[in-house]
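J.: pasting the structure only:
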């Protein structure tokens with residue numbers, strides 16, 4: 001089983017190597033942002049794709065982690081409405097809905113800084129639509145292969161895309177307020 005603590009440890013090991021062995025010279029602001037983004041991406045992957053069960057028999061998986069029946073929701077807002085209706089007085093639905101949004105705000109903010117193509121909203125919107133669909137597809141594949149106990153939900157795609165767009169909005173505001181800082185972080189060469 002690959003667990004999130006292993007992925008986090010691996011990212012801590014990779015971050016200094018990533019910083020030390022860059023072939024291109026970059027500004028400090030960009031290097032810091034790239035390093036933070038790499039750590040964030042490892043953390044994000046650990047949340048979205050772990051645990052991954054490899055080398056265990058299906059009976060061991062069922063005993064260890066429960067049922068691997070496939071749960072797919074393709075009806076937009078079904079899960080969100082259900083969680084809101086059931087969650088009155090309970091913080092779990094707010095954490096679930098809010099977490100799916102907040103989790104992607106950093107990527108929505110950093111992607112346009114590090115990759116100039118995403119500074120145009122139409123290109124960024126493509127990322128905001130494709131990335132969450134890819135994540136849910138990967139989780140479905142993991143579920144079908146019985147290596148990831150995940151559910152697949154169109155509402156996750158909607159909430160993740162919303163988080164990316166909110167992050168992009170923060171980037172747009174930040175770029176207007178601090179254009180020199182954004183340009184410094186965007187520069188690939190000194």
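T.: All right, it came through fine. This one's a predicted model, so the numbers in the text were calculated from it and none came from an experiment.

J.: C-terminal to the worst-scoring helix or strand of the chain on mean pLDDT, which secondary structure element comes first?
T.: Least confident helix or strand of the chain, by mean pLDDT, DSSP states H and E, is helix 58-65 with a mean of 57. Next helix or strand after helix 58-65 toward the C-terminus (DSSP states H and E): strand 72-73.

J.: What are the contacting residues of the helix or strand following that next one?
T.: Moving toward the C-terminus from strand 72-73, the next helix or strand (DSSP H and E) is helix 78-86. Contact partners of helix 78-86, identified using CB atoms under 8 Å, 6 or more residues apart in numbering, comprise 73, 92, 93, 96, 97, 153, 155, 156, 158, 159. Using the backbone N, CA and C atoms, a C-beta is placed for each residue, glycine as well.

J.: so how far is the host helix or strand of the fourth one off the chain centroid?
T.: Think residue 96. Assigned by DSSP H and E, residue 96 falls within helix 92-102. In terms of CA atoms, centre = their mean, to the nearest Å, the centre of helix 92-102 is found 13 Å from the chain centre.

J.: who does it touch, helix- and strand-wise?
T.: For helix 92-102, the elements it packs on are helix 78-86, helix 154-177, judged by 3 or more CB pairs under 8 Å, 6 or more residues apart in numbering; DSSP states H and E.

J.: Tell me which residues of the helix or strand following it come out buried.
T.: Downstream of helix 92-102, the first helix or strand assigned by DSSP H and E is helix 105-114. Buried residues in helix 105-114, counted by 16 or more other CB atoms under 10 Å: 105, 106, 107, 108, 109, 110, 111, 112, 113.

J.: Run the angle between helix 105-114 and helix 154-177 for me.
T.: Helix 105-114 runs at 50 degrees relative to helix 154-177, counting by axes from the mean of the first three to the mean of the last three CA atoms, to 10 degrees.

J.: Now do helix 105-114, average pLDDT.
T.: For helix 105-114, the per-residue pLDDT values average out at 95.

J.: elements contacting it?
T.: helix 28-49, helix 121-144, helix 154-177, helix 179-186.

J.: Can you add mean neighbour count and give those back as JSON lines?
T.: Below are the helices and strands packed on helix 105-114 laid out as JSON lines (neighbours: other CB atoms under 10 Å):
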{"stretch": "helix 28-49", "mean neighbour count": "16"}
{"stretch": "helix 121-144", "mean neighbour count": "16"}
{"stretch": "helix 154-177", "mean neighbour count": "19"}
{"stretch": "helix 179-186", "mean neighbour count": "14"}
